[in-house]
Each structure stands twice: as structure tokens, then as C-alpha cells.
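Colleague: Any chance you could fold what I've pasted below:
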Amino acid sequence: MLLLTALAALIALVAILGPPPRTPGAQACVTQTNRTGFLCDDRSSCIPASSVCDGVRACAHGEDEEEALCLGGNFLEVKELEPGLAGAVPQSLPGFLVAHCGDPASWIYSDQMCDGINNCGDCSDELSPVTTCPPCGPGWWRCPSTVFRYCSCIPRSLCRDHVQHCFDWSDEYSCPGP
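Modeller: Okay, the predicted model is just below:
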């Protein structure tokens, strides 16, 4: 009986508010840089997840900027609150485009996970326990707790540039450079 009452309440709510926004054609793909992407309607163009709802039409028919997907423009205001987008995850976005930060009030696009950059503001997009990223790639230098923009690896191009990027200064004294 309780289940029927809950179902009736849900049906009444949908009748008042209308159905939730849906993105029936939205499909995931893998970009050329091996990141999560959004498959355009032409079924051959794969754009980065972070290019969806950014105010620039990347798909030929503009489906990456459709109002139903982007909450009618309100999304752009939320997106500008980098690092780590504050507020509830937009319900109009397909789940494959979104990644949660350590702070439950923040989120990022899924293609920003494990990219070496502190997108969440607390490094939860680069470090455990929230995520498991592969070790630093060949163009990166691993160092203990880095300062500023990076978490556990920095681009080798920052080595020996006379600026501290690692707490232990290994980027200036140990890193072989680019």
C-alpha cells in the first residue's frame, strides 16, 4: 500500500512539473586523447565532455548546446565557478559526462579526472580515495605534494624553471627537465 501511495505521489508530481529533462540521444565515446567524450548526432564526431554546454557549438548540429541538455543557459553561470563546479550536478547532463569531487558540493566533467590538474580544488580528481589515476606519464615529474595547480605530478616543462612547484624543490634540483 505504501508503494502505491509513493507511486501515485510521483505521478502527481510529474503531472505538475512535467517529466524530468532527458537526453535520449546522448552517448559516450572516447576522444582522440583517450578521454570521455560526447558523441555528436553524426555518430562520427566525438567531442570532449568539457566541451558540452560551454556556449560554443562543437557538434555540427549544435546538440552539445541544446537547451534540454544545458538547462536553458543557467548552466553556463555554474560552469564558470572553477575549480570544481559548485552546486548540485545538473540533472540534465548524462552521468557519463560528470565526475564527483571529494567535496559533495563540487563536480567536474569526467574528462578532467586524472589529467594532472587540480580541477576540484582539493586534488580529489587526481588522488585516492576518490579516484585511482595511473602513475605520472613520460612528460611528467612525480614529486611529493605539489604547490598551486598540480597534485602529485607536474609537467616536465616546469622543471628547472627557477620556480618551486614541489614542496621538496625536487623540480629544481632532481628533475632532469623536459
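
Colleague: going forward, measure contacts between C-alpha atoms and count neighbours the same way
Modeller: OK.

Colleague: ok, now which ones touch Cys46?
Modeller: Applying CA atoms under 8 Å, 6 or more residues apart in numbering to Cys46 gives the contacts Cys29, Val30, Thr31, Gly37, Phe38, Leu39, Cys40.

Colleague: Closest one of these to Ser157?
Modeller: Ser157 lies nearest to Thr31 out of those, by CA to CA, at 24.4 Å.

Colleague: buried stuff in stretch 44-64?
Modeller: Applying a neighbour-count criterion of 16 or more other CA atoms under 10 Å, one finds 46-54, 58-59, 63-64 buried in stretch 44-64.

Colleague: Now tabulate those residues in JSON lines and tack on distance to Gly177.
Modeller: What follows is the buried residues of stretch 44-64, written out as JSON lines (distance: CA to CA, whole Å):
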{"residue": "Cys46", "distance to Gly177": "34"}
{"residue": "Ile47", "distance to Gly177": "32"}
{"residue": "Pro48", "distance to Gly177": "30"}
{"residue": "Ala49", "distance to Gly177": "31"}
{"residue": "Ser50", "distance to Gly177": "30"}
{"residue": "Ser51", "distance to Gly177": "32"}
{"residue": "Val52", "distance to Gly177": "35"}
{"residue": "Cys53", "distance to Gly177": "37"}
{"residue": "Asp54", "distance to Gly177": "35"}
{"residue": "Ala58", "distance to Gly177": "36"}
{"residue": "Cys59", "distance to Gly177": "38"}
{"residue": "Glu63", "distance to Gly177": "43"}
{"residue": "Asp64", "distance to Gly177": "39"}
